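Chemist: Generate a structure from the sequence data that follows.
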Amino acid sequence: MFVRGYLRASTKEQDAQRARHDLEAFASEQGLQIASMYIENESGASLQRPELFRLLEDCHDGDVLLIEQVDRLSRLNADDWDDLKAKLKEKHVRVVALDLPTSHALATPGDEFTASMLQALNGMMLDMLAAIARKDYVDRRRRQAQGIAKLKAEGGYKGRKPDTERNEAIMQMLKRGDSWNHIVAATGCSRSTLARLSQQVKQEAATASA
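Modeler: Okay, the predicted model is just below:
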């Protein structure tokens, strides 16, 4: 059995590794060692999460997927959540979340009957917390849209301003050859932003050499 930590932050946040210490402390308390950490800055409302699916591909039967909170794993709609659960079930992965005490016993092997009962209970709790996380996401998006609409009506919405200082730092990292994974982890930028800035760096280099 391997314990695999998963750390996720949305593209609006800066540090996907914020909860790393908490996961390591929990594993230590349980007498476990985290075999590997999978870190990404992607939205929990999307299944387009390369590191999460790399984690699942790496998993063996009975491995533990350790997360800080259920919303780190899912803010998905019902259909996407069902798809992710099917993948977890296929790989026989046990989800342990620090904010879900019923899941903690799954971090250590037990007899088959107890494990089955805990899995069933944990599955129901995961469904409930995933639904709450999705509702929170939808509510926040709705309030954000309402706020923008109000500002537009009042003529006060100017759109999001680019973070020029951060973007300049990202471009410098690209120019010196830093990997995309390193840049995403260090800056919290989205991969779409990184792709756009990478293209800008290439265009500047082409112009300079012309």
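Chemist: going forward, measure contacts between C-alpha atoms and count neighbours the same way
Modeler: Will do.
Chemist: What are the buried residues along the helix or strand containing Leu23?
Modeler: Element membership for Leu23, per DSSP states H and E: helix 20-29. The neighbour-count check on helix 20-29 (16 or more other CA atoms under 10 Å) flags Arg20, Leu23, Glu24, Phe26, Ala27 as buried.
Chemist: confidence score at the first one?
Modeler: What it means is Arg20. Looking at Arg20, its pLDDT stands at 92.
Chemist: wait, it sits on Arg4?
Modeler: No - in this structure, Arg20 is not within contact of Arg4 by CA atoms under 8 Å, at 11.6 Å.
Chemist: if I look at Trp29, how far off is Asp79?
Modeler: One thing to correct before we go on: residue 29 is Glu, not Trp. Glu29 is 35 Å from Asp79, where distance means CA to CA, to the nearest Å.
Chemist: what about Ala86, neighbour count?
Modeler: 12 (other CA atoms under 10 Å).
Chemist: tell me which element it falls in.
Modeler: helix 78-90.
Chemist: Distance from the chain centre to that helix, please.
Modeler: Relative to its chain's centre, helix 78-90 lies at 16 Å (CA atoms, centre = their mean, to the nearest Å).
Chemist: And the contacts of that helix?
Modeler: Residues from elsewhere that reach helix 78-90 (CA atoms under 8 Å, 6 or more residues apart in numbering): Ser46, Leu47, Leu56, Ser74, Arg94, Ala130, Ala131.
Chemist: Heading C-terminal from it, find the next helix or strand.
Modeler: strand 94-97.
Chemist: Measure how the helix or strand following that following strand sits relative to helix 78-90, angle-wise.
Modeler: Following strand 94-97 in sequence order, the next helix or strand is helix 112-153 (DSSP H and E). Using axes from the mean of the first three to the mean of the last three CA atoms, to 10 degrees, the inter-axis angle of helix 112-153 relative to helix 78-90 is 150 degrees.
Chemist: Point out where this protein drops to low pLDDT.
Modeler: Confidence mapping of the chain against pLDDT under 70 gives the ranges 11-14, 156-162, 210.
Chemist: Now do the domain split for it, please.
Modeler: The record assigns the chain these domain ranges, following automatic domain parsing: 3-134, 164-209.
Chemist: between the ones you listed, which gets nearest to Leu151?
Modeler: Proximity to Leu151, assessed across the domains of the chain by CA to CA, is greatest for domain 3-134 (20.7 Å).
Chemist: Any idea how far the closest one is from the middle of the chain?
Modeler: Counting by CA atoms, centre = their mean, domain 3-134 comes out at 10 Å from the chain centroid.
Chemist: now the end-to-end length of it.
Modeler: Note: domain 3-134 ends 26 Å apart using CA to CA.
Chemist: ok so, going back, of the domains of the chain, flag the one that's most buried.
Modeler: Greatest average neighbour count among these goes to domain 3-134 (a mean of 17), per mean count of other CA atoms under 10 Å.
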